[in-house]
Every structure is written in structure tokens, then in C-alpha cells.
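*Asks:* Can you look at this prediction? I've put the sequence above it.
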Amino acid sequence: MVKPTVPISFGEFKFSVDEIEEFLRGAPPDERFQKPFPPKIYRLKSGEPIIVRPATKDEGPAMLQTLKQLIDSKYDKDFYHLVAVRTYSEILAWMQNRLKDGYVIVATDRDGELMGIVNHRYFNEDVCISLHTIVFKRAERLGIFLYAAKVEHAFDVVGVNEWWATFESPFGFRMGFRLQHTTKPWPQVQHELGGARVYYITREQWNKSVKPYLTSVGLMGERPVPEDVLKKTIPLKPTSKLEIEF
Ligand SMILES: CC(C)(COP(=O)(O)OP(=O)(O)OC[C@H]1O[C@@H](n2cnc3c(N)ncnc32)[C@H](O)[C@@H]1OP(=O)(O)O)[C@@H](O)C(=O)NCCC(=O)NCCS
């Protein structure tokens, strides 16, 4: 213990838990980054609409309940186990204010049942960090649609200059490859997810080639979502059936 150089009136102070909380939370929500993502519609091969919209923290339990089922070594296929456990921790940290400037977008069916989750967080006005993409219904290109939705939020809604992703699975890497991501020098620059390579795109690449490509292949979706359609997706319901096996 180090003694102060001058006498101090009291030998100890008490701090309330509420005072400590300010120092523990990621940050108060920064309005520059929390600009709402305008909901949009994706259509499955059957024509069934999937609504893609921002999630709220009180919808976290439905996401955790769904992800929890995948936190099991029996899902050590296509990296579902690893991505589920990491996404679970990020959603929990977001709900409990232990993540700086996080943003979560969900895909639901017309009754509000969860079909997929994407999340990202803002490093600063310049850089947005991609966290995870996970879908509970496969072979519908829903994953790449959702991934594109969070990139759209970062560039077109918030207005950052760079998008920094990394990929844990071959299916994830494929999304980045298709959307023309390139790497930062590695290991000089590391992604916060395990120190992996940063795959990035700039705002210029987004505007000049990535967004036009997504539009040409029908992966930018339809807007606006009618109010009554959107309302039916609230409250968010946990996924009743995982359709992740080919
Ligand atoms: C990554 C992820 C979001 C991608 O979702 P998606 O874009 O909807 O793609 P799917 O996982 O359904 O994979 C479909 C692909 O499988 C392949 N595929 C499907 N059936 C196939 C078959 N019979 N033979 C060969 N390939 C086949 C195709 O390449 C198909 O893509 P296409 O429709 O564009 O041709 C999803 O795989 C996922 O949630 N994975 C677990 C978590 C994860 O890895 N997240 C990314 C972390 S970086």
C-alpha cells in the first residue's frame, strides 16, 4: 500500500454500486451510431416474406434462447457452435451494457419468429466493426442478405468510412469474398475477434461496386415494410425449428 504524501481527512471512502456502474458500462448510447436501420423485406424462394429490422434490448432473451440450443459440441459443424457461443456473449453484453456502441439487426418470419441475427459495433465515426452473422434457416441466401444489411447500416445510415470484418467459417469467408473484401496487413492489424485478419471494404468500394452488385442480384431487399407487417414481428419469438442441415 502506498501512503499519500500529505494527511487525508478520512482513511476510507464508500462508493455505491450505481457510481461504479458508469465506469463499467461500454458507453452511454451514442446517437451518432444508433441511427435506426430502416426495415426491409427479403423473399425466400417460396415468396414468403422475411422482415429484417433493428432489434431492441428487451428482445435479447428470445435471441439467447435460440442461440443457447446451438452451444453444444454436436453443432461443431460449419462453425455453428463457435459462432453461436460468441454471438450469445455479444448479445448478453449488449443487453447488460458491456459493449461499446453495439447494434443488432434481426430477420423474422411474418409472425416474428427469429430466422437470423447480425451484429456490429462502432469503433468511432470512421470505422465500424462487424461482429457476427448467423442464420437459423439455410440455403436461402438469408445470411448474405443479413450481412449486407448491417454493412448498409454502417455506410448508408451512419456514414462510416470503413467496414472491418473477419470470418470464422468457410461459409462466412465466402460472403466476404463475394462482397470484395480485402485484407489489412496481418498480424500488424488484428480484428477484435481473436486477433484474426481484418477483411475490409471502404465507403468508395461499397458505393462503386459492392452495393451495385448486391442490387443486381436482388440482395438489397424491398422497402418500405408496411406498418401492419412490421407490427406482427413484435415481440420477437425464439426460433422454433433450426433448419441448418443441408
Ligand atoms: C455464414 C452464414 C450466415 C451464410 O448464410 P447463407 O448466406 O444463407 O448461406 P448458407 O449457409 O445457407 O449456405 C448456402 C450455400 O451452401 C452451398 N450449398 C448449398 N447446397 C449445396 C449443395 N447441394 N452442394 C454444394 N453446395 C451447396 C452453396 O454455396 C450455397 O450458396 P448459394 O445459395 O449462394 O449458392 C450461415 O452459413 C451461418 O449462419 N453459418 C454459421 C455461422 C457462421 O459461420 N457465421 C459466419 C461467421 S464469420
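*Replies:* Good, I have the coordinates. Residues are numbered from 1 along each chain as shown.
*Asks:* Name the residues that touch whichever strand or helix holds Lys211?
*Replies:* Secondary structure from DSSP states H and E places Lys211 in helix 211-216. Outside helix 211-216, the residues within contact range by CB atoms under 8 Å, 6 or more residues apart in numbering are Ala148, Glu152, Phe155, Leu179, Gln180, Met220. Every residue, glycine included, has its C-beta placed from N, CA and C.
*Asks:* and this protein, which residues reach the ligand?
*Replies:* 78-80, 83, 132-135, 138-144, 167-169, 171-172, 246 (CB under 6 Å from any ligand atom).
*Asks:* before we move on, back to that, out of the contacts of helix 211-216, which are buried?
*Replies:* Ala148, Glu152, Phe155, Leu179, Met220 (16 or more other CB atoms under 10 Å).
*Asks:* Check the secondary structure at the last one for me.
*Replies:* Taking DSSP: H, G, I helix; E, B strand; the rest coil as the rule, one finds Met220 in the coil state.
*Asks:* Would you quantify the distance from the residue nearest to it when sequence neighbours are not counted to Leu146?
*Replies:* Counting by CB to CB, 6 or more residues apart in numbering, Leu214 is the residue found nearest to Met220 once chain neighbours are left out, at 5.1 Å. Counting by CB to CB, to the nearest Å, the gap from Leu214 to Leu146 is 12 Å.
*Asks:* and the closest residue to the ligand within the chain, what element?
*Replies:* Going by CB to the nearest ligand atom, the ligand is nearest to Gly143 of the chain, at 2.0 Å. Here Gly143 sits within helix 142-152, counting by DSSP H and E.
*Asks:* now the helices for this structure?
*Replies:* Under the criterion DSSP state H, the chain contains helices at 17-24, 60-70, 80-95, 142-152, 170-178, 203-205, 211-216, 227-231.
*Asks:* hey, which of those helices is tucked in deepest?
*Replies:* Mean neighbour count (mean count of other CB atoms under 10 Å) peaks for helix 142-152 among the helices of the chain, with a mean of 24.
*Asks:* residues making contact with that helix?
*Replies:* 37, 40, 42, 44, 50, 52, 103, 105, 107, 115-120, 130, 133-135, 163, 171, 175, 178-179, 201, 206, 210-211, 214, 219-221.
*Asks:* Could I have the ChimeraX command that selects the buried members from the residues you listed?
*Replies:* Those of those that count as buried under 16+ other CB under 10 Å are selected in ChimeraX with:
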select :37,40,42,50,52,103,105,107,115,116,117,118,119,120,130,133,134,135,163,171,175,178,179,201,206,210,211,214,219,220,221
